[in-house]
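Enquirer: Let's see this in three dimensions:
(4 chains)
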Protein chains: 2
Amino acid sequence: MTRWLDEREQATWRGYLRMQARLQAELHRRLQAESGLSIADFDVLVALTDRPDERVRVLELATSLEWEKSRLSHHLARMQRRGLITREECDDDGRGNFVVLTDQGRAAIERAAPGHVESVRELVFDTLTDDDVDALARITGTVGARLDEARR
Amino acid sequence: MTRWLDEREQATWRGYLRMQARLQAELHRRLQAESGLSIADFDVLVALTDRPDERVRVLELATSLEWEKSRLSHHLARMQRRGLITREECDDDGRGNFVVLTDQGRAAIERAAPGHVESVRELVFDTLTDDDVDALARITGTVGARLDEARR
DNA sequence: CGAACATAGATGATGCGTCAACTATTCCGG
DNA sequence: CCGGAATAGTTGACGCATCATCTATGTTCG
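Expert: Next comes the predicted model:
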C-alpha cells in the first residue's frame, strides 16, 4: 500500500541528500579552517551584526534563527567562553537577557564573511545558470510552503 | 575584493538553507517518533539490507555511506547496544570486522521504511512538478560535480 | 492582595560528529 | 624472514543538538 519512489524520484532524492550533506560539510570545513568559526557561530554573529546596536534578546534571536531556545542557550554559553559575545541584563524584564556582540566577535565575523561568501559563490552560484537559480528558489519555496502546512 | 551575493542570490541561498534545515528536522522528527530510528540508523540499516547476505565490512560501509570511519564506529557501537546489528570476525583479515543485521534490525527497518518514504513523498515529490524534479536533479548534479572538483 | 499560570532562560543527561591518537594486523622491500 | 609502512578499526575528548526539567520573574484574575 506504500507508494514507493520510482527510479527517477529515488535517484533525485539520493542525489539531493548526497549533495546537501557534502555541501554542508565542505562549507563547514572551509569556514572552520579559515576562521575557527562553525556555521552555527557564523549564523549567530550575522544575526547580531544585522541589529543596529549589535544586541538582541535571547528569545528573539532564537526565533529569528529558528533554533530551540535551549540549543541557543548552550551555544551562547560556548561562544561567551570564547569571547565572541557577552550578556547584559534587561531592565524592562528581569528574566530577560541581551546577547551583545564583543569586539572580538565583530572582528571574527568580519574576517570570516568574505571567504564564506566566496565559498558559496564558488560551489553554488558560479556553476548554476540563471534558470537554475530560479528553479531552486521555486523548489525551496514550494517545499517550504508544504512544510508550513505539515506543521498543522 | 569580495564578490557578494546579489539580492536574488541571497534570497535563494537563505531559502535553500531554511528549507534544507526544516526538511531534515521534520523527516528526522517523524522517523524518530514513528520508529525510534534516526536518519543515520535508517541509512545504515538500508545499506545493510541492500547486501545479499545482510553483512558488510565496516570500512566498505563507511565508504558507501561516505561517512568517516570513526563516525561509523561510534554509531555502530550505539546500534549494537540497541540490538540492531552485531559484529562478526573476518577470517580473511584479522583486523577486519563484519557488520551484520540482526532480526531486530531487519524488523525495525521494515517497520520504519514505509512511513519514511511516505514522508518524503508527501513533503517533497507530491508538491513538485515533473519539471521541478528534473531541475532539482540537474542542480544537485551540477553542484555535486563542482564539489568533486573542489575536493582536490 | 495572592495563588495559578505563563514566559525567559539555564542546566544536565544523552545521542551524535569530528579530530587526534591508539592498537592490532597485514603488507612489502631488503 | 624481519622491520617499517600501510590498513582496519576503536577510543577519548570535545563541540553540538534535543529533551526534560528547573529557577526566577511577570502576568492575570478572583
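Enquirer: Chain A against DNA strand C: which residues are in contact?
Expert: With C-beta under 7 Å from any atom of the strand as the criterion, chain A meets DNA strand C at residues A:25, A:29, A:32, A:57-60, A:69-70, A:72-74, A:76-77, A:87, A:90, A:93, A:95-98. The way it works is simple: take the backbone N, C-alpha and C, and place the C-beta from them, glycine included.
Enquirer: Only whichever of the residues you listed are buried, select them in PyMOL.
Expert: Buried residues among these (16 or more other C-beta atoms under 10 Å in any protein chain shown), as a PyMOL selection:
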select buried, chain A and resi 58+72+76+97+98
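Enquirer: and the closest residue to residue A:122 other than its chain neighbours, how many neighbours does it have?
Expert: With sequence-adjacent residues excluded and distances taken as C-beta to C-beta, 6 or more residues apart in numbering or on different chains, residue A:122 is closest to residue B:150, at 7.2 Å. Counted with other C-beta atoms under 10 Å in any protein chain shown, the neighbours of residue B:150 add up to 14.
Enquirer: Please report the distance of residue B:150 from DNA strand C.
Expert: From residue B:150 across to DNA strand C, the span is 15 Å (C-beta to the nearest atom of the strand, to the nearest Å).
Enquirer: do the same with residue A:26
Expert: Distance, residue A:26 to DNA strand C, using C-beta to the nearest atom of the strand: 10 Å.
Enquirer: low-scoring stretches of chain A, by residue?
Expert: Flagging of chain A using pLDDT under 70 yields the residue ranges A:152.
Enquirer: Tell me which stretches of it form strands.
Expert: Using DSSP state E, the strands of chain A run over residues A:55-57, A:85-89, A:97-101.
Enquirer: and the shortest one, what does it pack onto?
Expert: Strand A:55-57 sits against helix A:39-49, strand A:97-101, with contacts defined as 3 or more C-beta pairs under 8 Å, 6 or more residues apart in numbering or on different chains; DSSP states H and E.
Enquirer: can you rerun that using 6 Å?
Expert: On a contact count with 3 or more C-beta pairs under 6 Å, 6 or more residues apart in numbering or on different chains; DSSP states H and E, strand A:55-57 meets strand A:97-101.
Enquirer: residues from chain A in reach of DNA strand D?
Expert: Selection of chain A residues close to DNA strand D by C-beta under 7 Å from any atom of the strand yields A:38, A:40-41, A:67-68, A:70-71, A:74-75, A:78, A:93-95.
Enquirer: ok now the longest helix belonging to chain A, how far from the chain's centre?
Expert: Using DSSP state H, we find that the single longest helix of chain A is helix A:7-35. Remark: helix A:7-35 is offset 15 Å from the chain centroid, using C-alpha atoms, centre = their mean, to the nearest Å.
Enquirer: any idea of the angle that helix forms with helix B:39-49?
Expert: Note on geometry: by axes from the mean of the first three to the mean of the last three C-alpha atoms, to 10 degrees, helix A:7-35 and helix B:39-49 are set 130 degrees apart in direction.
Enquirer: Check the gap between the residue positioned nearest the centre of chain A and residue A:119 for me.
Expert: When C-alpha atoms, centre = their mean is applied to chain A, the residue found nearest the centroid is residue A:43 (4.6 Å). Distance, residue A:43 to residue A:119, by C-beta to C-beta, to the nearest Å: 15 Å.
Enquirer: Also residue A:10?
Expert: 30 Å.
Enquirer: more neighbours, those two?
Expert: For residue A:10 versus residue A:119, the count of surrounding residues by other C-beta under 10 Å is larger for residue A:119: 19 against 14.
Enquirer: There's contact between that one and residue A:32 in this structure, I believe.
Expert: No. Counting by C-beta atoms under 6 Å, residue A:119 stays clear of residue A:32, with 11.5 Å between them.
Enquirer: ok, residue A:7 to residue A:13 distance?
Expert: 11 Å.
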